[in-house]
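Novice: Got a sequence here, can you model it:
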Amino acid sequence: MMQRAATIISLSGSCFRRPGRGRLGGPRLAAWLGVVGLQVVPLFVPARVFAQDAYPPHEAPPTDGWIKHPWAPEGEQVAAGLDGHVGYVERDGYVSVQVNVDLLGRNIVGDAANEPSIAVDPTKPRKMAIGWRQFDSVESDFRQAGVGYSHDGGVTWTFPGSLTPGVFGSDPVLDSDAYGNFYYVSISLDETRLFKSFDGGVTWGAPIQTFRASDKPWLLVTQRPGDDHPIVLFTQSTPLEMHVSFDGGMSFAEPIRSGGAVWGTIAMDSRGFLHSVYGEPLLVSTSEQPLVEGTEPSFVLQPLPIHGMLAVAGDPNPGGLLGQMWIATHHHPGEASDHAFVLGSIATPPPYPVASCDVLFFRSVDGGETWEDPVQVNDDGVDNGQWHWFGMMSVAPNGRIDTVWNDTRNHPDAPDSRLSELYYAYSTDDGTTWSENVPVSPVFDSRIGWPAGNPKLGDYYHMRSDNLGVNVAYAATFNGEQDIWFLRIGPHDCNANEVPDETDIRRNTSRDRNGNGIPDECELFGDFNGDSRLDLRDYQGVQLCFGAPSADLPGPRCARLDLDLDNNVDLVDLRLLSNLLEL
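Specialist: Coordinates of the predicted model:
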């Protein structure tokens, strides 16, 4: 039996700043405002402005007989958002915030969203973007390249719409370069498109490159040691090849054969060697030479040491994968080769259709030349007939390995294994031992909210680790429909100094004049539309929130516009905002 490591990441409610809580005045007001007398304190608000009638009227979420009612389950608290509707959910202190929302942070009834991918700005980790498959109507299988952004560490999210409205978009993958630029790969009906954002995901230009379409491409943006130019790589499965750019995606060399991935991902280690993993069959590919411009490395393929298969078309997700295969590397000082890691939800033995799957972890300590036998991450027994699906992995710079997956262990009697919860575990010893598994979301039903012709919750989730925690993008049906959710596990570090924000504030190395737990240097007060600047577009927030008393202020967006702290958004606030804009 595996020994479980001690928990190092906080499991308390301090893991996430819950919308609408604070220390000054009323619960919503104090958490989001910073005013000392009439002196305005900078505070950031991401909420991009739309027309008021851009979305249908807000309605109560549908109900389902197999979903626990979201307002009362013991140990699985679900907080009500606007008008009593779900805007964020909580499980034992872990708070998930909905991403695909309207202007005021409310659920958009009648749509569907799945297959999220997340990018985080390494220079300003409070800036993030999430892309997903956006179905404007659950009655149609037509999907687009949905995208949302947050500039406050995921506390609030803005969904401006699809990258190219009315154009088919699927299989999104996002990443960022060392300078904080975001990249987004999406496939249309006949091509794969690469988009780029220079402002933290607020705006995206036209595709900077296009290629022939291929199912399940994967994107990696990285840099070689000593080289300032971002390297952009993305894989295609048909044909099996990898496209490489040495100038940030502006131009691409001839494709590298056999360097792609099928239902899997790619990584580049500190020496410049490429690694990829295949979901069918279970193979790893390692380059025999480092990636150098003008040359094409050769690759060695080898099977993983297991008789199994990536789980596909199981009960919780009958029309899709049960997750992709994930590969990552980590460099240990003083060692010649990087360690390589692979993780996935694998069925053993591999019947078809599969009847259950476990989260299995593989390790190589010699740069991918040989692989050790797998370690099971889920701690509820072996081959117990439960589903541990959509297993995913990311590695922090300090070497901590994080993994998150959907788990049916607590609901063995649910028909069709339809009830799951998101679980989390981590390892600090290269995957030799793993922490106790912890549920981090309420229960949800994965078999409702399917878009027409798409009987699945997508094929994957995505996550990004840093030295203090992990940012998770996942899909779930807490609203009775498929939606995208963001979860932060661990303390926030908005100023990227690798010190928890709460510690910065306690030590007075950062000010927090409004008492909301966010250092003042990470906030911009009055920025209603969330584009990190004050301009005329922020006036629409005053129009939308005008006359709303404190008790009715719809979440942090309107509360931040109450500049004079009189519990109303009124003409005085409009004048103060005008002063900020110097009008």
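Novice: switch to C-alpha atoms for all contacts and neighbour counts from now on
Specialist: Fine.
Novice: and the lengthiest helix in the chain, what does it pack onto?
Specialist: Secondary structure of the chain per DSSP state H: the longest helix is helix 571-581. Counting contacts by 3 or more CA pairs under 8 Å, 6 or more residues apart in numbering; DSSP states H and E, helix 571-581 is packed against helix 539-545.
Novice: Show me what the helix it packs on is packed against.
Specialist: Using 3+ CA pairs under 8 Å, 6+ apart, helix 539-545 sits against helix 555-559, helix 571-581.
Novice: can those go into JSON lines with extra columns for distance to Pro451?
Specialist: Putting these into JSON lines (distance: least, CA to CA, whole Å) gives the following:
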{"stretch": "helix 555-559", "distance to Pro451": "29"}
{"stretch": "helix 571-581", "distance to Pro451": "42"}
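Novice: Tell me how far Ile256 lies from Lys127.
Specialist: Ile256 sits at a distance of 33 Å from Lys127 (criterion: CA to CA, to the nearest Å).
Novice: Counting neighbours, go ahead and name the busier of the two.
Specialist: Remark: of Ile256 and Lys127, Lys127 carries more neighbours, 24 against 17, as counted by other CA atoms under 10 Å.
Novice: can you list the weak-confidence ranges in the stretch 1-150 of the chain?
Specialist: For the stretch 1-150 of the chain, the stretches with pLDDT under 70 are 1-86.
Novice: Go ahead and flag the most central residue of the chain.
Specialist: Nearest to the geometric centre of the chain sits Ala473, at 2.5 Å (CA atoms, centre = their mean).
Novice: Name the helix or strand for that one, please.
Specialist: Per DSSP states H and E: Ala473 is located in strand 469-476.
Novice: Next secondary structure after that strand?
Specialist: In N-to-C order, the element after strand 469-476 by DSSP H and E is strand 483-489.
Novice: Check the offset of that following strand from the chain's centre.
Specialist: Counting by CA atoms, centre = their mean, to the nearest Å, strand 483-489 is centred 6 Å from the centre of its parent chain.
Novice: and the helix or strand just after that strand, how far from the chain's centre?
Specialist: Proceeding N to C from strand 483-489, the next assigned helix or strand is helix 501-506, under DSSP H and E. Centroid displacement of helix 501-506 relative to its chain, using CA atoms, centre = their mean, is 25 Å.
Novice: Would you mind writing the CA trace of helix 501-506 as PDB?
Specialist: C-alpha atoms of helix 501-506 as PDB (Å, rounded to 0.1, in the frame of the first residue of the first chain):
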ATOM      1  CA  ASP A 501      -0.700  37.400  -0.600                       C
ATOM      2  CA  GLU A 502      -2.000  37.100   2.900                       C
ATOM      3  CA  THR A 503       1.600  36.900   4.200                       C
ATOM      4  CA  ASP A 504       2.600  40.000   2.200                       C
ATOM      5  CA  ILE A 505      -0.200  41.900   3.800                       C
ATOM      6  CA  ARG A 506       0.500  40.600   7.300                       C
END
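Novice: and that helix, average pLDDT?
Specialist: Averaged across helix 501-506, pLDDT comes to 93.
Novice: Looks like Ser150 contacts Thr158 (just checking).
Specialist: Yes: because the distance of 6.4 Å satisfies CA atoms under 8 Å, Ser150 is recorded as touching Thr158.
Novice: Name the residue in these two with the higher neighbour count.
Specialist: Using other CA under 10 Å as the criterion, Ser150 and Thr158 rank with Thr158 on top: 30 against 27.
Novice: Let me see the ranges of the strands in the stretch 201-350 of the chain.
Specialist: For the stretch 201-350 of the chain, the strands defined by DSSP state E, counting those that start in this stretch cover 209-212, 218-222, 231-237, 240-245, 256-257, 266-268, 274-278, 283-287, 299-303, 309-310, 326-330, 339-347.
Novice: okay if I get those as JSON lines plus distance to Arg507 and mean pLDDT?
Specialist: Output for those, formatted as JSON lines (distance: least, CA to CA, whole Å; pLDDT from 0 to 100):
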{"stretch": "strand 209-212", "distance to Arg507": "47", "mean pLDDT": "83"}
{"stretch": "strand 218-222", "distance to Arg507": "34", "mean pLDDT": "93"}
{"stretch": "strand 231-237", "distance to Arg507": "39", "mean pLDDT": "85"}
{"stretch": "strand 240-245", "distance to Arg507": "44", "mean pLDDT": "88"}
{"stretch": "strand 256-257", "distance to Arg507": "51", "mean pLDDT": "84"}
{"stretch": "strand 266-268", "distance to Arg507": "38", "mean pLDDT": "94"}
{"stretch": "strand 274-278", "distance to Arg507": "42", "mean pLDDT": "92"}
{"stretch": "strand 283-287", "distance to Arg507": "46", "mean pLDDT": "93"}
{"stretch": "strand 299-303", "distance to Arg507": "51", "mean pLDDT": "92"}
{"stretch": "strand 309-310", "distance to Arg507": "48", "mean pLDDT": "88"}
{"stretch": "strand 326-330", "distance to Arg507": "32", "mean pLDDT": "97"}
{"stretch": "strand 339-347", "distance to Arg507": "37", "mean pLDDT": "96"}
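Novice: Would you format those as CSV with distance to Arg464 included?
Specialist: Putting these into CSV (distance: least, CA to CA, whole Å) gives the following:
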stretch, distance to Arg464
strand 209-212, 25
strand 218-222, 13
strand 231-237, 17
strand 240-245, 22
strand 256-257, 27
strand 266-268, 14
strand 274-278, 18
strand 283-287, 22
strand 299-303, 27
strand 309-310, 22
strand 326-330, 12
strand 339-347, 15
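Novice: so which of these gets nearest Leu563?
Specialist: Counting by CA to CA, Leu563 lies closest to strand 218-222 out of these; the figure is 40.9 Å.
Novice: With only the CA atoms kept, save that closest one in PDB.
Specialist: The C-alpha trace of strand 218-222 is given here as PDB (Å, rounded to 0.1, in the frame of the first residue of the first chain):
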ATOM      1  CA  TRP A 218      -2.000  20.100 -28.400                       C
ATOM      2  CA  LEU A 219       0.000  23.300 -27.800                       C
ATOM      3  CA  LEU A 220       3.200  24.000 -26.000                       C
ATOM      4  CA  VAL A 221       4.900  27.400 -25.600                       C
ATOM      5  CA  THR A 222       8.300  27.200 -24.100                       C
END
